[in-house]
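Enquirer: Following is a predicted model, sequence given first.
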Amino acid sequence: MRSPAAVSDDGSMTNDEHEVSADGLTVGRAAALVGVSVKTLHHWDAIGLVRPSSRTWSGYRVYSGEDIARVHRVLVYRELGLPLAEIGRILDDPSVDARDHLRRQRSQLVDRISRLQTMVSAVDRMLDVSATGMRLTPQEQVDIFGDDWNPDWVGEAEELWGDTAQWTQYAERAAKLTTEDWREVSAATTTLEADLATAKRAGVAPGSVEANRLAERHRALLSTYFDCTHSMQACIGRRFVEEPGYADHYDAYAPGLTVWLRDVIFANAREHGVDPDSATWE
């Protein structure tokens, strides 16, 4: 006759408790089957969460099929983040049968899978973006955009806007542009800025048909990089005047061009039902 197992110093049981009973699984085999520790099953037994249905002649816990099913239900609810006390209340609710528990668990698992899939997609998108962006070397940037271009501006822009949807769009679109595409974008930018200066010197009034056409050309150029709404364009027009650096650039084409361009953008925004004074970044 085999002698009863002893409890080891760490609280685990010796070999006898890990054997299979004729009536079910002893705690060691049950723990191995469901993927938890023996200590965990001991704790769940102590708090009344999962109590084995019977014991061996020598007093060891024996888990039936129903007990193992309950353990699996506990594991699902625990994976969903529920505290053990709440899990116990749910499982012991007399108004809910086993199939209702399974339906509830399935619904919650599906919801969690959906959330996790959304998170995975977001991470994948971030990984894709981190491998995209302008594929021009610093020297190529200067050759295309001019001697006053600073390649560090791209990194500075990413620090400011890198967590926005618009930067994601820019990175994806920029990665697809060839060197020749960038030359065309640069040429279109230079032509527009020259046309803006010509219109300013000619006294074209903000809100006029000609000025609105120029505002739309400006918005279309911005949309090369991201989908620019009239509200967003108004925010950009505000930055032209409020932040240093823009005036130096635009006023080099024509004195007062920076403020005039902002007014042109604002007037065109109003034409499209946007209040530029309260416009927000969408």
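Expert: Perfect, thanks for sending it.
Enquirer: Touching, residue 47 and residue 84? I think so.
Expert: Yes. Using C-beta atoms under 8 Å, residue 47 is in contact with residue 84, at 6.8 Å. For glycine as for every other residue, the C-beta is placed from the backbone atoms N, C-alpha and C.
Enquirer: For those two, indicate the residue with more neighbours.
Expert: residue 84 (14 against 11; other C-beta atoms under 10 Å).
Enquirer: Who are the contact partners of that one?
Expert: Counting by C-beta atoms under 8 Å, 6 or more residues apart in numbering, residue 84 touches 44, 47, 49, 74, 78.
Enquirer: Helices of the chain, start to end?
Expert: For the chain, the helices defined by DSSP state H occupy 27-34, 38-46, 65-79, 84-91, 98-130, 138-145, 152-161, 165-176, 179-201, 209-222, 230-242, 246-250, 257-271.
Enquirer: If any of the contacts of residue 84 are buried, give me the ChimeraX selection for them.
Expert: Typed into ChimeraX, the line below selects the buried ones among the contacts of residue 84, using 16 or more other C-beta atoms under 10 Å:
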select :44,49,74
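Enquirer: Identify the farthest-apart pair in the contacts of residue 84.
Expert: Spatial extent of the contacts of residue 84 (C-beta to C-beta) is set by the pair 47 and 78 at 13.1 Å.
Enquirer: What separation is there between the most centrally placed residue in the chain and residue 145?
Expert: With distances taken as C-alpha atoms, centre = their mean, residue 122 lies nearest the centre of the chain, 4.2 Å away. Look at residue 122 and residue 145: by C-beta to C-beta, to the nearest Å, they are 32 Å apart.
Enquirer: Next one: the residue nearest to the centre of the chain relative to residue 170, how far apart?
Expert: In this view, residue 122 and residue 170 are 17 Å apart by C-beta to C-beta.
Enquirer: Could you do residue 263 as well?
Expert: From residue 263 to residue 170 the distance is 27 Å (C-beta to C-beta).
Enquirer: So for the two, which sits in the more crowded spot?
Expert: residue 170 (23 against 18).
Enquirer: Could you find the closest non-adjacent residue to that one?
Expert: In this structure, residue 170 finds its nearest non-sequential neighbour in residue 225, 4.5 Å apart by C-beta to C-beta, 6 or more residues apart in numbering.
Enquirer: what's around the one you found, how many residues?
Expert: Neighbours of residue 225 under the rule other C-beta under 10 Å: 16.
Enquirer: hang on, it packs against residue 169?
Expert: Yes. Counting by C-beta under 8 Å, residue 225 touches residue 169, with 7.1 Å between them.
Enquirer: Tell me how far residue 106 lies from residue 152.
Expert: Taking C-beta to C-beta, one finds residue 106 at 53 Å from residue 152.
Enquirer: care to break this structure down by domain?
Expert: Per automatic domain parsing, the structural domains of the chain span 15-92, 96-131, 178-271.
Enquirer: what does stretch 147-166 rub up against?
Expert: Stretch 147-166 has contacts (C-beta under 8 Å, 6+ apart) with 133-134, 138, 141-142, 167, 225-227, 232.
Enquirer: ok, now with 10 Å
Expert: Stretch 147-166 is contacted from outside by 126, 129-130, 133-134, 136-143, 145, 167-168, 170-171, 174, 186, 222, 225-228, 232, 245, 248-249, 252, 281-282, using C-beta atoms under 10 Å, 6 or more residues apart in numbering.
Enquirer: Many thanks, we can stop here.
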